[in-house]
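A.B. asks: Provided below are the primary sequence and the corresponding predicted coordinates.
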Amino acid sequence: MMAGAVEDSRSLFGVAVRAALEAWPALQIAVENGFGGVHSQEKAEWLGGAVEEYFFRNADLELDEVEDFLGELMTNEFDTVVEDGSLPQVSQQLQTMFHHFERGDRAALKEMASLITQRKCKVRATALTTARETDEDDDANSVEEMEVAADGAATDGVCPQPGPDSQTIKEEDIVEDGWTIVRRKK
């Protein structure tokens, strides 16, 4: 491959990485809600470059290594532990993109980035406050719930439309020390 083609492929890989990360609901929610502080958007943009460099600096990455790296970045930069099952999916997408890059398969890389962009959906998380006991006025007993809903163009079930079955955190999922157990919707 000529130097110009390599640079174009590398640039295309960067675009594909950013598309995958921008379409990732966990990252969208973290940025939208400022989990990374006032510079959440800048951190998300930096994350794309960091992931791209990670692939270029490490040969023969295993899926769990990519998963661990993404998980650490989300924890360290956005104070977010991703336990919704999306880490393996995003890691697999990124790994597949890198394999396309290594083989010089620009068409497959471009197609994958395009598909991800088309399927991208907008997610939003809204905080709800409910009372644990019957006394609604007692703020000491109130619990914050998070409702996550997806709005978007995906028609293949990746981004379901919000509805009466939107996921909410139930009171029994709140443990004594203030932590909340988030369960995957069945």
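C.D. replies: Received, thanks.

A.B. asks: who touches Val15 in this structure?
C.D. replies: Going by CB atoms under 8 Å, 6 or more residues apart in numbering, Val15 touches Ala113. C-betas here are computed from N, CA, C, even on glycine.

A.B. asks: distance check, it against Leu109.
C.D. replies: 9 Å (CB to CB, to the nearest Å).

A.B. asks: so which residues of the protein form strands?
C.D. replies: 121-131, 142-152 (DSSP state E).

A.B. asks: pretty sure Phe35 sits against Phe78.
C.D. replies: Yes - because the distance of 4.4 Å satisfies CB atoms under 8 Å, Phe35 is recorded as touching Phe78.

A.B. asks: those two: who's more crowded?
C.D. replies: Remark: of Phe35 and Phe78, Phe78 carries more neighbours, 23 against 17, as counted by other CB atoms under 10 Å.

A.B. asks: how about low-confidence regions in this structure?
C.D. replies: The chain contains residues with pLDDT under 70 at 1-6, 120-178, 180-181, 185-186.

A.B. asks: can you give me the helices for it?
C.D. replies: Ranges of helices in the chain, per DSSP state H, are 3-22, 25-32, 40-57, 63-78, 86-103, 106-119.

A.B. asks: wait, which of those is closest to Val182?
C.D. replies: Distance to Val182, taken as CB to CB, is lowest for helix 25-32 among the helices of the chain, at 11.2 Å.

A.B. asks: got the CA coordinates for that closest one in CSV?
C.D. replies: Extracted C-alpha coordinates of helix 25-32, given in CSV (Å, rounded to 0.1, in the frame of the first residue of the first chain):
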residue,chain,number,x,y,z
PRO,A,25,-25.7,4.8,24.3
ALA,A,26,-23.5,4.5,27.5
LEU,A,27,-21.2,7.2,26.3
GLN,A,28,-24.0,9.3,25.0
ILE,A,29,-25.7,9.3,28.4
ALA,A,30,-22.4,10.0,30.2
VAL,A,31,-21.7,13.0,27.9
GLU,A,32,-25.3,14.3,27.9
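
A.B. asks: what distance do you get for Met112 to Glu42?
C.D. replies: 26 Å.

A.B. asks: which one's more surrounded, these two?
C.D. replies: The neighbour count for Met112 versus Glu42, taken as other CB under 10 Å, is higher for Met112 (18 against 12).

A.B. asks: how close does the closest residue to Leu27 other than its chain neighbours get to Ile116?
C.D. replies: Leaving out its chain neighbours, the residue that sits closest to Leu27 by CB to CB, 6 or more residues apart in numbering is Leu21, at 5.7 Å. As defined by CB to CB, Leu21 lies at a distance of 10 Å from Ile116.

A.B. asks: okay, those two: which has more neighbours?
C.D. replies: Leu21 (25 against 20).

A.B. asks: I figured that one hits Ala50, correct?
C.D. replies: No - in this structure, Leu21 is not within contact of Ala50 by CB under 8 Å, at 10.0 Å.
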